[in-house]
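Participant: I would like the atomic coordinates for the input below:
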Amino acid sequence: MKTTEMDTPARRRPARRVGMPSSELAGRLGRLVAERRAQGVLILDLRGLSGACDYFVLATGLSESHVAGLADHLDDTLREEGIRPWHVEGRQNRKWILLDFVDVVVHLFQAETRDYYRLENLWSEAPREEVRTADPDPGTPFGDGSEED
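Facilitator: Purely as a prediction, here's the structure:
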C-alpha cells in the first residue's frame, strides 16, 4: 500500500533548542530587526497564555525586499552563533515571513499584512514591550529576564 502525505505524521515541535533563556532571545531578535530599521517592533510575552511558544516578536518592513532583508539579517546573524530557526515560512511572497525558533516566533510583515491580521490585538492580554530603533544593545533580555518554565 502506498503512503500519502496524509499518512505521514506531522513534524513534532522540538523542545527548547537555544542555549539562552527565551526572554533573552526575544529581546535580541527584537533589537536585531530594530537596528535594521524595522517599524513597530513589538515583543509579546505569551508565557501563561499559549503553550505554543513563550514570545512573539512582531515587526514591519517597508517593502518586500526590506521584509526579506530583515529575515536574512536574523538568520545570518544567529547562524554565526549556531542558532537556526526550526521552521521558516513566507520567504516566497515576502509579505509575512515567520521564523520559528521554538520558544520565540518572529513575524515580519509588510504594513498592510500586519494591519489585516492584527496579531497584537489577538493577543491583547499579553504583556508587551516596544523596541525602539535607538535601543543600543541587541543582547538585552525582554522584561526582567526571569524565566517561568
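
Participant: C-alpha from now on. contacts and neighbour counts both.
Facilitator: OK.

Participant: what sits against the closest residue to residue 70 other than its chain neighbours?
Facilitator: Closest residue to residue 70 apart from its sequence neighbours, by CA to CA, 6 or more residues apart in numbering: residue 33 at 6.0 Å. Counting by CA atoms under 8 Å, 6 or more residues apart in numbering, residue 33 touches 41, 59, 70, 73-74.

Participant: Also residue 105?
Facilitator: Residue 105 neighbours (CA under 8 Å, 6+ apart): 53, 55-57, 98-99.

Participant: wait, which of the contacts of residue 33 is closest to residue 25?
Facilitator: residue 74 (11.3 Å; CA to CA).

Participant: Please look at the closest one and residue 32 and confirm they touch.
Facilitator: Yes - contact criterion CA atoms under 8 Å: residue 74 and residue 32 qualify, at 6.8 Å.

Participant: who has more neighbours, those two?
Facilitator: More crowded of residue 74 and residue 32, by other CA atoms under 10 Å: residue 32, with 24 against 21.

Participant: Quickly find the element holding the more buried one.
Facilitator: Taking DSSP states H and E as the definition, residue 32 sits inside helix 22-34.

Participant: For burial, what's the neighbour tally of residue 125?
Facilitator: Residue 125 has 12 neighbours, counted by other CA under 10 Å.

Participant: Residue 47 versus that one, what's the distance?
Facilitator: 11 Å (CA to CA, to the nearest Å).

Participant: go on, residue 24?
Facilitator: Taking CA to CA, one finds residue 24 at 14 Å from residue 47.

Participant: and what of residue 106?
Facilitator: If you measure residue 106 against residue 47 using CA to CA, the figure is 15 Å.
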